[in-house]
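[1] build me a model from this:
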Amino acid sequence: MSLKIYGIPKSRAVRVLWMAEELGIPYENVGVTMADKAHKGTAYLAVNPNGRLPAIDDNGFKLSESLAINLYLAKKHAKLYPKSIEDEARCWQWSLWTAFEIDKQVNDWAAHDHVLPAEQRDPAKLKAALDVLNVPLGVLDGVLAKQAYLVTPDAFSVADLNVASAMYRLIKMDFGANKNVARWYRACWDRPAAKKARDLRESS
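    As a prediction, the model looks like this:
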């Protein structure tokens, strides 16, 4: 049985689809959606009792939380995963940073920039979201001023994938003074596997 990735590409499952494409491993994308409440159905709750997307079933091993899934897959397949314990810890650090510092902020900004219907967008809320988001983006820019990628200075890793994939909705953003973030972001999303994942998301 191949790896099963649960969740449509328009969900956070796109992060795991990107990783699977990077690793070049066979997978089945099981298109569970929230729209039809399938994520709360008995079959899916057997995979992820939390009822959130995405989750995986890897030959009987079930795991949820997209960033944790990517760390697991990268380490299992020994690709995009660091060799030293220190760099491993940095990958965990950036993945947790993603969850706590930018995940909600990205969604807040995107909602009032382009996701919500025009009549529901609030310029004040857009500015407020950007003001909050600019703080972690500044931190990211400072790190990337010194090196091309987050953990291994000259090589893309699972840390870059986790952070960049969580920033998907910033694809239309002008990063302004954060020029190093803009350069790194383009480099991440220009990867062939990233383009494949983006195509899956935008065509679904």
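
[2] first-to-last residue distance for stretch 154-169?
    25 Å (C-alpha to C-alpha, to the nearest Å).

[3] run through the residues that contact the closest residue to Lys76 other than its chain neighbours.
    Spatial nearest neighbour of Lys76, excluding adjacent residues (C-beta to C-beta, 6 or more residues apart in numbering): Asp58 at 7.9 Å. (C-beta placed from N, C-alpha, C; glycine too.) Asp58 makes contact with 3-4, 73, 76, according to C-beta atoms under 8 Å, 6 or more residues apart in numbering.

[4] check His77 too.
    23, 25.

[5] cool, and Ala194?
    Taking C-beta under 8 Å, 6+ apart, one finds 18, 21, 164, 188 in contact with Ala194.

[6] can you check the pLDDT for the third one?
    Among the per-residue scores, Ala164 holds a pLDDT of 98.

[7] same question, the last one
    As summarised for this prediction, Cys188 has a pLDDT of 98.

[8] and it, backbone torsions?
    phi -70, psi -50 (degrees, to the nearest 10).

[9] which other helices and strands contact the top helix by length along the chain?
    Identified as the longest helix of the chain according to DSSP state H is helix 123-144. Other elements packing on helix 123-144 under the criterion 3 or more C-beta pairs under 8 Å, 6 or more residues apart in numbering; DSSP states H and E are helix 103-110, helix 179-189.

[10] sorry, back to before: so the residue nearest to Lys76 bridges to which residues?
    Judged by DSSP bridges, the bridge partners of Asp58 are Phe61.

[11] how much space between it and Asn180?
    35 Å (C-beta to C-beta, to the nearest Å).

[12] and for Ala129?
    Distance from Ala129 to Asn180, by C-beta to C-beta: 21 Å.

[13] Leu150 belongs to a helix, doesn't it?
    No. Assessed with DSSP: H, G, I helix; E, B strand; the rest coil, Leu150 is coil; it does not lie in a helix.

[14] pull out the buried positions in stretch 75-83.
    Buried residues in stretch 75-83, defined by neighbour count with 16 or more other C-beta atoms under 10 Å: 80-82.

[15] now pLDDT, distance to Val143 and secondary structure too, for the residues you listed, in a markdown table please.
    Output for the buried residues of stretch 75-83, formatted as a markdown table (pLDDT from 0 to 100; distance: C-beta to C-beta, whole Å; DSSP: H, G, I helix; E, B strand; the rest coil):
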| residue | pLDDT | distance to Val143 | secondary structure |
| --- | --- | --- | --- |
| Leu80 | 98 | 18 | coil |
| Tyr81 | 98 | 19 | coil |
| Pro82 | 95 | 16 | coil |
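
[16] now distance to Leu53 too, for the residues you listed, in JSON lines please.
    Listed next are the buried residues of stretch 75-83 as JSON lines, based on distance: C-beta to C-beta, whole Å:
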{"residue": "Leu80", "distance to Leu53": "22"}
{"residue": "Tyr81", "distance to Leu53": "24"}
{"residue": "Pro82", "distance to Leu53": "28"}
